[in-house]
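# What shape does this take:
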Amino acid sequence: MDNKKSSSSRGGNRNSGNWRKKNKRRRGPRPASLKLRRTRKMPSFDPSQFINKNPVEMQEVVYEPKNTFKTFGLDPKISAVVEHMGITTPSPIQDQIIPHVMRGKDVIGLAETGTGKTAAFLLPLIHKTMHEDKGGKMRKTLILTPTRELALQIDEELQKFSKGLHMLSTICVGGVNIRPQIKSLQRNNHFIIGTPGRVLDLMRQGHLRTNDVTTVVLDEADRMLDMGFIGDMRSILGSTPESRETLFFSATMTKDAEKVVHDFLKDPVEISVKKKDVTNSIEQDIVPYTQANKFETLMLLLSKEEFTRIIIFVAMKHVASKLAHQLSDSGVLAESIHGNKTHVQRQRALKKFKSGNARVLVATDVAARGIHVDNVSHVINYDLPQQFDDYVHRIGRTGRGDKKGMALTFVPSKN
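Model prediction:
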């Protein structure tokens with residue numbers, strides 16, 4: 001994931017040479033200011049309020065699309081690829097967004113993850129890249145995402161949907177060597193997919209030009225804003241031509257999101273396909289525990305057959321690694337994903353989890369943003385999340401699409 005305050009592009013980092021020189025002879029405990037930064041806030045909500053053993057998911061009205069993939073006006077080659085992938089009916093976000101993107105409108109799409117929004121913007125943009133020149137120049141799309149994992153998943157989808165169409169793309173994300181990205185940017189890329197911090201670094205170094213960008217996609221914009229990327233997003237958008245098309249996708253519309261929309265989108269069409277609050281559509285319960293038997297309580301749950309693919313959320317990076325090792329030593333195949341792991345290590349862990357070679361993925365909140373894995377049977381909040389929004393994000397990893405899901409939250413026993 002991007003380290004937004006990397007010393008390479010911003011000064012004042014505590015790990016800079018000046019800080020080390022001033023503190024190299026320091027002995028004993030760390031300064032109080034550093035201790036305070038590492039202090040974890042207590043959760044600000046009571047998870048017992050969200051016990052829901054009768055989710056209303058099955059009561060949803062079946063959506064009847066107005067279009068098919070053959071009536072959108074997409075190139076027949078794209079329609080054939082979609083059909084070959086077994087996708088027969090547009091999802092609500094695809095049905096309502098694709099016609100507007102095809103017409104070149106700025107769009108606000110309000111939808112949760114798992115609704116098919118990636119295809120909603122990729123399919124029409126692939127078509128327009130094939131058939132349109134913007135001002136006599138090749139179309140160039142810049143897609144910004146909150147995490148490198150999501151950037152990689154979007155690129156994977158792009159490769160699938162554009163198979164045989166010779167679309168060039170580059171992924172620009174932090175946490176990996178920048179040199180291959182610099183070399184790849186020397187090509188005439190149709191799509192550049194990246195995280196705001198790395199994209200801005202490449203722009204400032206002169207390797208990424210945005211004066212010829214024709215479309216900007218902000219995917220999971222609320223997550224980027226939550227992670228403090230608003231300044232980077234504004235700098236990037238401000239460097240692109242005013243004539244660009246802007247597609248804005250978010251699960252929620254916060255005040256910061258409204259300001260970005262107001263400043264950078266032109267007469268946008270707003271489409272909302274948000275379902276009922278995710279807390280109403282997923283079965284939820286709490287699991288009382290004592291500190292002495294917390295791990296044993298977890299193992300008792302995992303011994304049940306219905307726990308087939310599980311994501312366990314913890315508060316700290318070192319806890320994620322430790323718990324994954326404990327589970328593996330106890331016979332439960334587990335991987336961990338957190339901010340201290342390299343890009344390669346995180347991708348390897350995620351691949352094992354997706355393929356079924358690991359039954360459990362232990363994750364921290366930040367590392368799990370943008371991770372989309374199908375058929376997660378259970379989410380377990382082994383440690384309480386910081387706030388309600390984190391809770392909603394966590395449990396939304398299960399019960400995706402038309403699948404049922406269950407979320408369990410560990411709560412200290414009062415006995």
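
# How about the contacts made by residue 240?
Counting by CB atoms under 8 Å, 6 or more residues apart in numbering, residue 240 makes contact with 142, 210, 211, 213, 216. Using the backbone N, CA and C atoms, a C-beta is placed for each residue, glycine as well.

# can you do 7 Å?
The neighbourhood of residue 240, defined by CB atoms under 7 Å, 6 or more residues apart in numbering, consists of 210, 213, 216.

# And it, how close does it get to residue 192?
Residue 240 sits at a distance of 11 Å from residue 192 (criterion: CB to CB, to the nearest Å).

# same deal with residue 150?
From residue 150 across to residue 192, the span is 14 Å (CB to CB).

# Could you do residue 89 as well?
31 Å.

# So the two - more neighbours on which side?
Legend: neighbour count by other CB atoms under 10 Å for residue 89 and residue 192, higher for residue 192 (24 against 12).

# hey, what's that one bridged with?
Counting by DSSP bridges, residue 192 forms beta bridges with residue 142, residue 170.

# What is the nearest of the contacts of residue 240 to residue 67?
residue 216 (24.8 Å; CB to CB).

# Pull the contacting residues for the closest one.
Neighbouring residues of residue 216 by CB under 7 Å, 6+ apart: 142, 237, 240, 244, 246.

# residues in contact with residue 336?
Residue 336 neighbours (CB under 7 Å, 6+ apart): 320, 321, 324, 349, 362.

# repeat for residue 406
Taking CB under 7 Å, 6+ apart, one finds 282, 283, 378, 398 in contact with residue 406.

# In space, what's closest to the first one - neighbours in sequence excluded?
To tie it back to what came earlier, the one meant is residue 282. residue 399 (4.2 Å; CB to CB, 6 or more residues apart in numbering).

# What pLDDT does the model give the one you found?
For residue 399, the pLDDT comes out at 77.

# Spell out the secondary structure type for it.
The three-state label given to residue 399 by DSSP: H, G, I helix; E, B strand; the rest coil is coil.

# The worst-scoring helix or strand of the chain on mean pLDDT: what's the following helix or strand?
Taking mean pLDDT, DSSP states H and E as the measure, the helix or strand of the chain with the lowest value is helix 32-37, at a mean of 38. For helix 32-37, the following helix or strand on the C-terminal side (DSSP states H and E) is helix 76-84.

# In CSV, list the C-alpha atoms belonging to that next one.
Provided in CSV are the C-alpha atoms of helix 76-84 (Å, rounded to 0.1, in the frame of the first residue of the first chain):
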residue,chain,number,x,y,z
PRO,A,76,-19.0,-7.0,-30.8
LYS,A,77,-15.5,-8.2,-29.8
ILE,A,78,-16.1,-6.9,-26.2
SER,A,79,-19.6,-8.5,-26.1
ALA,A,80,-18.1,-11.8,-27.3
VAL,A,81,-15.5,-11.7,-24.5
VAL,A,82,-18.1,-11.0,-21.9
GLU,A,83,-20.3,-13.8,-23.2
HIS,A,84,-17.4,-16.2,-23.2
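
# now for whatever helix or strand comes next after it, which elements pack on it?
Counting by DSSP H and E, the next helix or strand C-terminal to helix 76-84 is helix 92-102. Packed against helix 92-102 by the contact rule (3 or more CB pairs under 7 Å, 6 or more residues apart in numbering; DSSP states H and E) you find strand 107-110, helix 117-131, strand 269-272.

# Need the contact partners of the longest one.
The one in question is helix 117-131. Contacts of helix 117-131 (CB under 7 Å, 6+ apart): 74-75, 78, 93-94, 97-98, 101-102, 109, 111, 139, 141, 154, 157-158, 161-162, 165, 167, 190, 215, 217, 247, 249.

# Can you get me a residue count around residue 102?
The burial count for residue 102: 16, using other CB under 10 Å.

# Tally up the residues packed near residue 62, please.
5.

# tell me the contacts of the closest residue to residue 356 other than its chain neighbours?
Excluding the flanking residues, the one nearest residue 356 by CB to CB, 6+ apart is residue 309, at 7.6 Å. Neighbouring residues of residue 309 by CB under 7 Å, 6+ apart: 359, 375, 376, 377.

# residues contacting the first one?
Contacts were defined as CB under 7 Å, 6+ apart; by that measure residue 359 touches 309, 310, 332, 333, 334.

# Report the residue spans of the chain with pLDDT below the cut-off.
For the chain, the stretches with pLDDT under 70 are 1-45, 47-50, 53-61, 133-136, 275-281, 366-370, 401-402, 415.

# domains of it?
47-58+277-412, 61-272 (automatic domain parsing).

# residue ranges of the helices in the stretch 251-400 of the chain, please?
Here the stretch 251-400 of the chain has its helices, by DSSP state H, counting those that start in this stretch, at 255-264, 278-281, 294-302, 317-329, 343-355, 365-368, 388-395.

# In CSV, list those along with mean neighbour count and distance to residue 409.
Conversion of the helices of the stretch 251-400 of the chain to CSV gives the following (neighbours: other CB atoms under 10 Å; distance: least, CB to CB, whole Å):
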stretch, mean neighbour count, distance to residue 409
helix 255-264, 15, 28
helix 278-281, 19, 12
helix 294-302, 16, 12
helix 317-329, 17, 16
helix 343-355, 17, 21
helix 365-368, 21, 14
helix 388-395, 21, 8
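
# Export the ones you listed as JSON lines, with columns for distance to residue 177.
Formatted as JSON lines, those follow (distance: least, CB to CB, whole Å):
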{"stretch": "helix 255-264", "distance to residue 177": "31"}
{"stretch": "helix 278-281", "distance to residue 177": "37"}
{"stretch": "helix 294-302", "distance to residue 177": "37"}
{"stretch": "helix 317-329", "distance to residue 177": "22"}
{"stretch": "helix 343-355", "distance to residue 177": "9"}
{"stretch": "helix 365-368", "distance to residue 177": "20"}
{"stretch": "helix 388-395", "distance to residue 177": "30"}
